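Asks: Structure of the sequence below:
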Amino acid sequence: MIGFTEHPEVGMPTLAPAARVLRFDTFELDLRAGELRKRGVKLRLQGQPVQLLAILLQSAGNLVTREELRSQLWLADTFVDFDHSLHNAIGRIREVLGDSTEIPRYIETLPRRGYRFIAPVEEVQAPRISEANGNKTREAVAVATPTKRRAGLAVILCFCVAVGLGAGAAWRHFYLKSPVPPIRSLAVLPMQNLSGDPAQEYFADGMTDELITDLAKVSALRVISRTSVMRYKGSKKGLPEIARELNVDGIVEGSVMRSGNRVRITAQLLHAPTDQHLWAEAYERDLGDVLKLQSEVAQAIAKQVRGQLTPQQQARFRSAGSVNPDAYEAYLRGRYYLSNQFTMGQPLNTAKSYFEESIRKDPDFALAYSGLADSYVYLAFFRQLSPEAAYKPAKEALRKALELDDSIGEAHDTLGQLSWRFEWNWNAAEPEFNHAIALAPSYSCAHEDRAVYLSFIGRRAEALAEITRSRELDPGPSSGMAESAAYYQLRDYQSLVEASRRGVVSSPNEWTQHYNLAIGYEGTGKLLEAISEYQKAIEVSNGDHDATASLAHAFAAIGRRAEAKKILHDFERKSKSSYVSPYMIATIYAGLGKKDKAFEFLERAYQERSLDISWHIKADLRIDNLRSDPRFQDLVRRVGYPQ
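Replies: Below is the predicted model of the structure:
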């Protein structure tokens, strides 16, 4: 409490003597007089609103809960509509300060929790007003809003005065005088959509994603990935709890409001373990300048956490250009689908269409080309396109993206995937992954891709160290998928079972985790459990060919050959009208013991440079009965797999 006490003669609350003035922006609040002034002019704020403002100022940067406000301003035996009174008091303060609920400069609302004063506050000394009375001197007492109270209220409120002054002293000690806590790791929580239109959620999510991408370039920071923070969208968890779960020092919260072609971002930085506010700012630009806006926000945050930007990083931030607003909107829509459902055909095709639209509207927008390349690559990874149909447009899109902006870490990561999976150029892949990480040290996808690649070429210790690093950046499902993929490539089936079980628990609707768990079961001899998980993977993925071919192989292994043959015949029939990887047909023939037919289709897979060869050739247990055959050794030699 701020020092309001009851004057015994008139029975009304007054201010206890204290020569204290709190200043913020162009305002000053005189705690002794109970007056709010702007540039010296007294403003009309009285009663509970001025008391409420005083409480918030003395706890600036920290959450003041609704319960704390109730206990300090509304006594237990006072019958009022608390919610209505609190809402009105906050509204009155905002009206006088010219503040906004949607884009707050001073008072931030934390829904269902309370309020936080987010602007910097400093204490200044006010002149003391005294009046002579014989040999005694007394301070002039400013009378607050008349309110009749019980006579015993004076004792209670005097106690509150002492508590409040003690709290103020503590605040001054810890907030004004203490150094800013070190921030070495950061999570950007999903930004609130304040546009008043639920259809704009993709825009707020996209802005969150892009801010994370920009901050990932700051080498002095560990920045948590998008996939890990998005699970906190709409969460009621407190910041200290989120910080513990993500193992970070700092949290960035914010909001996005879009109106036509104007966009406004409000961001604030908090020391997560203590919920202490460190910095806040609002930015507003035309949508065409949104890339510059994002760079400004990222640079401001980096400065606040004392993250040292290299000259190259500073230059990249400064080089952010303009973009056609419609192109940017289409790009965000594409990223939304690509980020959320990159293992499914229909969302990938939708993402591809949006990136193509973005390029049509702005042929110089580098990020749209990078997104288009990713769409083609993942469509081929999950056998929605043949390698030939995907490779050329993906390669051309990457060439154009890097021609426009060679600092895009995502593009170099995708180029590494192209070198590995499409071109079978083992020597070129790793340098591209390394370059992507150098450009964006916290870009978790590059760490995950590098980890799986290292496991593919047999560098186990380095691969697992990279998995650990990727898990620090992305404790969510994406790093879990990468961990399972690494253990698959290493043929460590027991570890694959353990990792995939965790993945299934955390992401039961991610079909690849069911598939990897099935492989782990089959590799450890648990064929019935494997069949059950293969069937779940097929169901969740809407019939992925890899999972279906594995089910056929498992059926053949336990003697259910008729069911395996049925899947084989279905594949051969479908291959006449749509793409079916010849490698998948080869694995079923291998499971049925028909080696000549298996090698016939492996040769077809080689001729089309199947992505399945560059993924499965080392680890696939479905073709283990072919490995001792000289024809297989010749295939490995021609593929050029590093020995």
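Asks: Number of residues surrounding residue 26?
Replies: 11 (other Cβ atoms under 10 Å). Just so you know, the C-beta spots here come from the backbone N, C-alpha and C atoms, and that holds for glycine as well.
Asks: That should have said residue 23, apologies.
Replies: 15.
Asks: shouldn't it be in contact with residue 60?
Replies: No: Residue 23 is beyond contact range of residue 60, at 11.1 Å (criterion: Cβ atoms under 8 Å).
Asks: so what sits against both of the two?
Replies: Jointly contacting residue 23 and residue 60 under the rule Cβ atoms under 8 Å, 6 or more residues apart in numbering are residue 121.
Asks: where does this structure dip in pLDDT?
Replies: 1-19, 74-82, 84, 125-181, 306-320, 643 (pLDDT under 70).
Asks: Contacts only, for the most centrally placed residue in it.
Replies: Residue closest to the mean C-alpha point of the chain, counted by Cα atoms, centre = their mean, is residue 226 at 2.9 Å. If a contact means Cβ under 8 Å, 6+ apart, then residue 226 has 208, 209, 212, 339 as its contacts.
Asks: how far away is residue 377 from residue 359?
Replies: Here the criterion is Cβ to Cβ, to the nearest Å. By it, residue 377 lies 16 Å from residue 359.
Asks: Which one's more surrounded, those two?
Replies: Higher neighbour count among residue 377 and residue 359: residue 377, with 27 against 20, using other Cβ under 10 Å.
Asks: Residue 419 is in contact with the more buried one, correct?
Replies: No: look at residue 377 against residue 419 with Cβ under 8 Å: they stay out of range, at 11.5 Å.
Asks: Could you check which helix or strand contains the closest residue to residue 447 other than its chain neighbours?
Replies: Nearest residue to residue 447 in three dimensions, chain neighbours excluded: residue 470, at 3.9 Å (Cβ to Cβ, 6 or more residues apart in numbering). Assigned by DSSP states H and E, residue 470 falls within helix 460-473.
Asks: which helices and strands does that helix pack with?
Replies: strand 222-223, helix 444-456, helix 477-489 (3 or more Cβ pairs under 8 Å, 6 or more residues apart in numbering; DSSP states H and E).
Asks: sorry, back to before: who wins for neighbours among the contacts of residue 226?
Replies: residue 212 (25 neighbours).
Asks: so which strand or helix has that residue?
Replies: helix 201-215.
Asks: My guess is residue 106 contacts residue 119. True?
Replies: Yes: contact criterion Cβ under 8 Å: residue 106 and residue 119 qualify, at 5.0 Å.
Asks: what residues does the helix or strand harbouring residue 522 touch?
Replies: Taking DSSP H and E as the criterion, residue 522 maps to helix 511-523. Residues from elsewhere that reach helix 511-523, judged by Cβ under 8 Å, 6+ apart: 343, 477, 480-481, 484-485, 487-488, 491, 493-494, 496-497, 499-501, 503-504, 507, 527, 529-534, 536-538, 540-541, 544, 546-547, 550, 554, 557, 621.
Asks: Now the buried members of those.
Replies: For the contacts of helix 511-523, a burial check counting by 16 or more other Cβ atoms under 10 Å picks out 343, 477, 480-481, 484-485, 487-488, 491, 493, 496-497, 499-500, 503-504, 507, 529-534, 536-538, 540-541, 544, 546-547, 550, 554, 557, 621.
Asks: For residue 464, which non-adjacent residue is closest in space?
Replies: residue 486 (7.1 Å).
Asks: List the buried residues in the helix or strand in which residue 64 is found.
Replies: Per DSSP H and E: residue 64 is located in strand 63-65. Across strand 63-65, burial judged by 16+ other Cβ under 10 Å covers 63, 64.
Asks: what packs against that strand?
Replies: Using 3+ Cβ pairs under 8 Å, 6+ apart: strand 63-65 touches strand 114-117.
Asks: tell me which residues in the strand it packs on are buried?
Replies: 114, 115, 116, 117.
Asks: Check the offset of the strand holding residue 64 from the chain's centre.
Replies: 25 Å (Cα atoms, centre = their mean, to the nearest Å).
Asks: helix or strand right after that strand?
Replies: helix 66-73.
Asks: Check which helices and strands that next one sits against.
Replies: helix 47-58, helix 82-97, strand 114-117.
Asks: Just the buried residues of that helix, please?
Replies: 69, 70, 72, 73.
Asks: again, but for stretch 183-200
Replies: For stretch 183-200, by 16+ other Cβ under 10 Å, it's 183, 185-195, 200.
Asks: OK, contacts around the closest residue to residue 557 other than its chain neighbours?
Replies: Using Cβ to Cβ, 6+ apart and skipping the chain neighbours, the partner closest in space to residue 557 is residue 527 (5.9 Å). By Cβ under 8 Å, 6+ apart, residue 527 lies in contact with 521, 554, 557, 558.
Asks: nearest to residue 635, of those?
Replies: Nearest to residue 635 among the contacts of residue 527: residue 557, at 22.8 Å, using Cβ to Cβ.
Asks: Thought residue 592 was touching that closest one, still the case?
Replies: No: counting by Cβ under 8 Å, residue 592 is not a contact partner of residue 557; they are 10.1 Å apart.
Asks: quick one: residue 433 from residue 280, how far?
Replies: From residue 433 to residue 280 the distance is 37 Å (Cβ to Cβ).
Asks: Also residue 599?
Replies: Counting by Cβ to Cβ - residue 599 and residue 280 are separated by 65 Å.
Asks: about what we covered before: residues making contact with the strand holding residue 64?
Replies: By Cβ under 8 Å, 6+ apart, the list of residues contacting strand 63-65 reads 55, 56, 110, 113, 114, 115, 116, 275.
Asks: For the nearest residue to residue 386 once chain neighbours are set aside, give me its contacts.
Replies: Nearest residue to residue 386 in three dimensions, chain neighbours excluded: residue 579, at 4.8 Å (Cβ to Cβ, 6+ apart). Residue 579 is in contact with 383, 384, 385, 386, 389, counting by Cβ under 8 Å, 6+ apart.
Asks: From residue 351, how far out is residue 579?
Replies: 19 Å.
Asks: now the helices for the stretch 201-350 of the chain?
Replies: 201-215, 226-229, 239-246, 290-304, 311-318, 325-340, 345-361 (DSSP state H, counting those that start in this stretch).
Asks: mind checking which of those is nearest residue 35?
Replies: So among those, helix 290-304 is nearest, using Cβ to Cβ, at 32.8 Å.
Asks: and the closest one with helix 325-340, angle?
Replies: Angle, helix 290-304 to helix 325-340, by axes from the mean of the first three to the mean of the last three Cα atoms, to 10 degrees: 60 degrees.
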